[in-house]
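Chemist: kindly generate the corresponding structure for this input.
(2 chains)
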Amino acid sequence: MSQSSPATLQAESDFTVESLFGSPEGRKILTCMQCGMCASTCPYGDVMEFPPRRIIATLREGDMERVFTSTGLLNCVACYACMAKCPRGIALTEVLLPLVKEQVFLRLEETPAELQKALQNTFRYGNPTGESPKKRAAWAKDAGVPVRILSDDPRPTDVLWFVECQGAYHPRGVDTSRATAKLFHALKVDFAILGNEERCAGECARLAGEAGLFDTLMDDNLALFQKYSFKRVVTSGAHAYDAFKHQYREREFSYPLEHTTPFFSGKLDQLRPLLKKKLDYKVTYHDSCCLGRHNGFYEEPRRLLGAIPGVELVEMCHNRVNAICCGGGGGGMWLDTYYKSKGYERLSERRVKEAIATGADVLACSCPYEISRFEDALKVLGHETMIVRDVTELLAETMEG
Amino acid sequence: MDILVVLKMVPDIVEELTLAADGRGLDRDQVRMILNESDDQALEEALLLKERHGGKVTVLALDAPELDDALFAALAKGADRAVKVAGAGDGPGTRQTGAVLGQVLEREQGLKPDLILTGVQAIDDLDGLLAPLLAHVLGLPYLGVVVRVSVDGSARKATVTKECPAGFQARFEVDLPAVLGILSAENPPRYVPVSKVRAAMKSQTIELLPAPSAGEAAVAAPKLLEMKKPEEAAQAEFLEGSLEEVSEKLCEILSGRGLM
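Modeler: Below you'll find the model as predicted:
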């Protein structure tokens, strides 16, 4: 955008090299030794115009406008691979990339259409697909077990379950939500959801560079949490978990927090007698970037899968810290068409090829984006036999026996 | 060049619309309002013209729920001035809107644009009457279904591309000022980051103008008797079964009605 209204100038003047280097994390960025590990581990490193190493080199030269006006950072799917591998331990995906991506986003001449629509929808309707906020809790009616909605029944609850957009609206996300409700119910967990009042946690908006939208959503959700009485937050959104733990925590979010996969893993002793039906599946597990690399939950999902009778667990060549992102993070969920137009391979396709190579029947996940992305990728590759399931879906299936 | 963009808030059909208890319109308490889609196109075209030729873009609208958000978004995108007209009643019809805005534009010396753009139609104005009504009140030329506007250096004339049936496009030359009903801008409407909208809310203001009195803006509008969903027509009957069974049933029906 070439116009420079006062609003534009104000929003763009917040970022300066000096203000970044004034912080301890900023000073740590200067310890970068330009080894290039970040660029070589980045799943889009081959097409990334400004991988972290080059961003830092440009930052040192004091010529950040070159970085800010390039569209290269749209290729960053915020997968934490560069940060996990940085020998200096620089908080690349936590600190540097969101700051830089925000500046890039403010200067984009044209926002890719699907991303623009998703962000506009999230701002207006609280979900990226543009569904009515009044239908956010519609899935709960057919959950098969009672799901208490706090706006209808505001009594205090032990667990506030934050369902998130994909789990509330996407047909496959809804499947996972129903399985999750069934598990809560079987474990006699006192739980309730926010229902139609819940709004997107905003993690993807922030890591796409839309920091203002993230702040708005965070304000809305924090105000909502204040309305009700609960002991802890459990979310089935891996990205929501990440936002709560690392961003909302900086504000007035002080509740104990868990993601559903580690939560159920912690209740495995109680869960085990319920896992009756034998599932003769060979399963490979895809580590979500947010749960795995960023928060270290590698063994919890595997423990749950291993407890299912009949399941044989096999690993993909890239697993745990080396897992390849499904391509959905950092706004990537709405950039598939953009990447395709640039001729890039879809990361979800790269990943399912690895899953297929293991000979597994089932590709298991624990982040709601992955199911639809991997199912689409399998269709694109014409591989009809592999099925994709959330870990909770497999647990619910084995409880049916 | 001074460009005026007339914006209008319309019911958002993402939410299910419900009828008011008296059956004479929508239940306004249940409706959420959103900026009319083709008005957003008109705003984009205006911003592109400003970027190309310089000048000022003013957005003008009748007050409505959630209008301020739309006006601040327009300011954040690059509009220079936002004006809302209050006191024109709750949900005025298109004729009323045209009369009120027309009189405001005639009255206000500070609102004498070279070009007036608005959406070619709206979800509550499928006839696309607002722009021609405005042109009529102001005595200005009108062109609708416009997809491209270019203005000469003097801002006295514009060349306007209009969509025509059967996939044709026609170019017109029109003297300015003129009123144009925009179908689509040359680029899709731009995204405006929320931080820029928030900054606009802090640093810019929306000007408030009174509507002309009800008597002054009175229009002879037809009276709405009833609004309802279409009644379901009789269902078609599907014959099911094997080819023989279906043929037999068909013969029964036809002979039963004396048709064979």
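Chemist: next structured bit after the lengthiest helix in chain B?
Modeler: Identified as the longest helix of chain B according to DSSP state H is helix B:37-53. Counting by DSSP states H and E, the next helix or strand C-terminal to helix B:37-53 is strand B:56-62.
Chemist: coming back round to it: what about the longest helix of chain B, near chain A?
Modeler: Yes: contact between helix B:37-53 and chain A, assessed by CB under 8 Å from any CB of the partner chain, occurs at B:47, B:50, B:51. Where you see a C-beta, it was placed from the backbone N, CA and C, and this is true even at glycine.
Chemist: what are the bridge partners for the spatially most central residue of chain B, then?
Modeler: The structure's chain B has its C-alpha centroid closest to residue B:122; by CA atoms, centre = their mean the separation is 3.2 Å. Beta bridges link residue B:122 to residue B:125 when assigned by DSSP bridges.
Chemist: that one reaches residue B:10, doesn't it?
Modeler: Yes: counting by CB atoms under 8 Å, residue B:122 touches residue B:10, with 5.1 Å between them.
Chemist: common neighbours of these two, please.
Modeler: Residues touching both residue B:122 and residue B:10 by CB atoms under 8 Å, 6 or more residues apart in numbering or on different chains: residue B:36.
Chemist: and chain A, what are its domains?
Modeler: A:6-107, A:113-266, A:272-399 (automatic domain parsing).
Chemist: which among the ones you listed is found nearest to chain B?
Modeler: Closest approach to chain B among the domains of chain A is made by domain A:113-266 (3.0 Å; CB to the nearest CB).
Chemist: returning to what we had before: how about CSV for the domains of chain A, with distance to residue B:252, mean pLDDT and mean neighbour count added?
Modeler: Shown next, in CSV, are the domains of chain A (distance: least, CB to CB, whole Å; pLDDT from 0 to 100; neighbours: other CB atoms under 10 Å in any protein chain shown):
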stretch, distance to residue B:252, mean pLDDT, mean neighbour count
domain A:6-107, 64, 87, 18
domain A:113-266, 41, 97, 20
domain A:272-399, 44, 97, 20
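Chemist: rewinding a little: so what's the residue nearest to the centre of chain B up against?
Modeler: B:8, B:10, B:36, B:38, B:39, B:94, B:128, B:130.
Chemist: and stretch B:196-212, how far out from the chain's middle?
Modeler: Remark: stretch B:196-212 is offset 21 Å from the chain centroid, using CA atoms, centre = their mean, to the nearest Å.
Chemist: list the buried residues for that stretch?
Modeler: Across stretch B:196-212, burial judged by 16 or more other CB atoms under 10 Å in any protein chain shown covers B:196, B:197, B:198, B:199, B:200, B:201, B:204, B:206, B:209, B:211, B:212.
Chemist: now tabulate those in TSV and tack on secondary structure.
Modeler: Below are these laid out as TSV (DSSP: H, G, I helix; E, B strand; the rest coil):
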residue	secondary structure
B:196	helix
B:197	helix
B:198	helix
B:199	helix
B:200	helix
B:201	helix
B:204	coil
B:206	strand
B:209	strand
B:211	coil
B:212	coil
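Chemist: can you pull the pLDDT of residue B:236?
Modeler: Looking at residue B:236, its pLDDT reads 84.
Chemist: measure it to chain A for me?
Modeler: 29 Å (CB to the nearest CB, to the nearest Å).
Chemist: which residues touch that residue?
Modeler: Neighbours of residue B:236 in contact, by CB under 8 Å, 6+ apart: none.
Chemist: where does it sit: helix, strand or coil?
Modeler: coil.
Chemist: likewise residue B:4?
Modeler: The three-state assignment at residue B:4 reads strand, by three-state DSSP.
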